[in-house]
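Enquirer: Give me a model of this one.
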Amino acid sequence: MLRRSSFVLLFASILSAAPAAALAQGKLTLEARDKSIHGIAVLSDGKLFADYVIGNGPKPFVWPIVGPTGKEMTRAYSTKWVDGEKTDHPHQRSFWFTHGDVNGYDFWAEAPGDGSVNPAAKPGHPKYTGHGKIVHKEYLKNEVVDGAAVIATRNDWIAPDGKKLLEDERTLTFRDLGESRSIDFDITLKATNGDVSFNETKEGSFGVRVPTTMDVDHKPDGGKILSSEGKTDKDAWGQRAAWVDYSGNVGGEQLGIAVLNHPSSFRFPTRWHVRTYGLFAANPFGATSFDKDTKDESGATIRSGESITLRYRVIFHKGDAEAAGIAKAFEEYSASK
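Expert: Numbering: from 1, shown residues only. Presented below is the predicted three-dimensional model:
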């Protein structure tokens, strides 16, 4: 028989445990940013979770992204200079979607010759065509639904001569789950202005740039790349996988980012342009760039009036892939519509 004092302590511990679990999941709200940032802020319990940024550079992107322990979990450069961060590949802005060869135009790099491997995108080349840009046109949704913050937009892909090549509709769904935070990224590419070709190149397409201290090459305590197929570090590059996790040190904590590819996504399981220097990208269009002997389709043409859809879930978590249960998280994600 429990003494009254023991019962009171036990009951109090039960009461305190239940609310704590519930409160761990942050309440999300959305807030319009002022003109200096352009876009929408996602807040969790009134504190910044992420900024969806438009009008700052040649494409929309998400930066910063604050993880479950309060630390920023993507590289700030080239939007902001931070001491100690790598300053390579300035077009790799935190969290974005582009491609390196769309109808011959480079949407991946941001300035002439800036990291581009498309010969026709380099000044001085006889077939130089220039760089395209993705222009935000309108918000289709901007609301909190069942505890998740949802931002949906329509965007035009514009060639250097001002011609519209295609448009996309993208939906970003933000969740704060306490132990982790996630962003679902769904994008439908629509051939609204004639056929459009996402041509063969490794420079694409859905990208995240991890913090400098998390990348595998960081010394002396570099991070780790792990795929659903058991490939690690440089061996994960160019391979097909349902998911890939990138984990390492961020501000003295072991944190990680997992990108999951939904089975309904175009060319699932995707190939991964994931690099030990910190680039973390999924690319379903660049098969022969990764493996010259592959029989996989390389590049893709969307016929006029048609579309393709790509779907990813990005999880910002504590620990490594095993500690965060990423394999189970993929099972849950793959079962969702």
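Enquirer: The stretch 101-250 of the chain: strands as residue ranges?
Expert: 133-145, 148-158, 164-176, 180-190, 196-198, 204-209, 224-227, 243-250 (DSSP state E, counting those that start in this stretch).
Enquirer: Out of the ones you listed, which is the most enclosed?
Expert: Most buried of these by mean neighbour count (mean count of other C-beta atoms under 10 Å) is strand 204-209; its value is a mean of 27. For every residue, glycine as well, the C-beta is placed using N, CA and C.
Enquirer: That strand: how far from the chain's middle?
Expert: Between the centre of strand 204-209 and the centre of its host chain there is 6 Å, according to C-alpha atoms, centre = their mean, to the nearest Å.
Enquirer: Pairing partners for that strand, with directions?
Expert: Counting by DSSP bridges, the strands paired with strand 204-209 are strand 95-99 (antiparallel), strand 279-283 (antiparallel).
Enquirer: check contacts around the closest residue to residue 222 other than its chain neighbours.
Expert: Nearest non-adjacent residue to residue 222, counting by C-beta to C-beta, 6 or more residues apart in numbering: residue 216, 4.7 Å away. Contact partners of residue 216, counting by C-beta atoms under 8 Å, 6 or more residues apart in numbering, are 222-225, 233-234, 248, 276-277.
Enquirer: Residue 216 and residue 260, how far apart?
Expert: 20 Å (C-beta to C-beta, to the nearest Å).
Enquirer: what do you get for residue 316?
Expert: Where residue 260 is concerned, residue 316 sits at a distance of 12 Å (C-beta to C-beta).
Enquirer: List the beta-bridge partners for residue 186.
Expert: With DSSP bridges as the criterion, residue 186 is bridged to residue 171, residue 311.
Enquirer: Which residue, other than its chain neighbours, is closest to residue 163?
Expert: residue 193 (7.5 Å).
Enquirer: does residue 25 really touch residue 177, like I thought?
Expert: Yes. Here residue 25 reaches residue 177: they are 5.8 Å apart, a contact under C-beta atoms under 8 Å.
Enquirer: Quick check: the residue nearest to residue 163 touching residue 158?
Expert: No. Contact criterion C-beta under 8 Å: residue 193 and residue 158 do not qualify, at 10.4 Å.
Enquirer: Find residues that contact each of these two.
Expert: Joint contacts of residue 193 and residue 158 (C-beta under 8 Å, 6+ apart) are 164-165.
Enquirer: Sketch out the helices for the stretch 1-150 of the chain, chain order is fine.
Expert: Using DSSP state H, counting those that start in this stretch, the helices of the stretch 1-150 of the chain run over 4-23.
Enquirer: Name the helix or strand of the chain that has the lowest mean pLDDT.
Expert: The helix or strand of the chain with the poorest confidence is helix 4-23; it has a mean of 36 (mean pLDDT, DSSP states H and E).
Enquirer: Would you check how far apart the nearest residue to residue 237 once chain neighbours are set aside and residue 62 are?
Expert: Nearest residue to residue 237 in three dimensions, chain neighbours excluded: residue 274, at 5.9 Å (C-beta to C-beta, 6+ apart). Noted for residue 274: a distance of 18 Å to residue 62, by C-beta to C-beta.
Enquirer: Show me which of those two is the more surrounded one.
Expert: residue 274 (29 against 23; other C-beta atoms under 10 Å).
Enquirer: related to what we said a few turns ago, now tabulate the strands paired with strand 204-209 in JSON lines and tack on distance to residue 134.
Expert: Shown next, in JSON lines, are those (distance: least, C-beta to C-beta, whole Å):
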{"stretch": "strand 95-99", "distance to residue 134": "7"}
{"stretch": "strand 279-283", "distance to residue 134": "16"}
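Enquirer: quick one, which of the ones you listed is nearest to residue 53?
Expert: Residue 53 lies closest to strand 95-99 among the strands paired with strand 204-209, at 9.6 Å (C-beta to C-beta).
Enquirer: contacts for that closest one?
Expert: Under the contact criterion C-beta under 8 Å, 6+ apart, strand 95-99 has outside partners 59-63, 65, 74, 91, 107-108, 134, 168, 170, 183, 185, 187, 198, 201, 203-209, 285, 314.
Enquirer: picking that back up, thought the residue nearest to residue 237 was touching residue 234?
Expert: No. Using C-beta under 8 Å, residue 274 is not in contact with residue 234; the gap is 9.1 Å.
Enquirer: Find the residues that touch each one of these two.
Expert: Listed as contacting both residue 274 and residue 234 by C-beta under 8 Å, 6+ apart are residue 225.
Enquirer: residues in contact with the closest residue to residue 174 other than its chain neighbours?
Expert: Closest residue in space to residue 174, ignoring its immediate chain neighbours: residue 149 at 4.3 Å, by C-beta to C-beta, 6+ apart. Counting by C-beta under 8 Å, 6+ apart, residue 149 touches 28-30, 42, 49, 143, 173-175.
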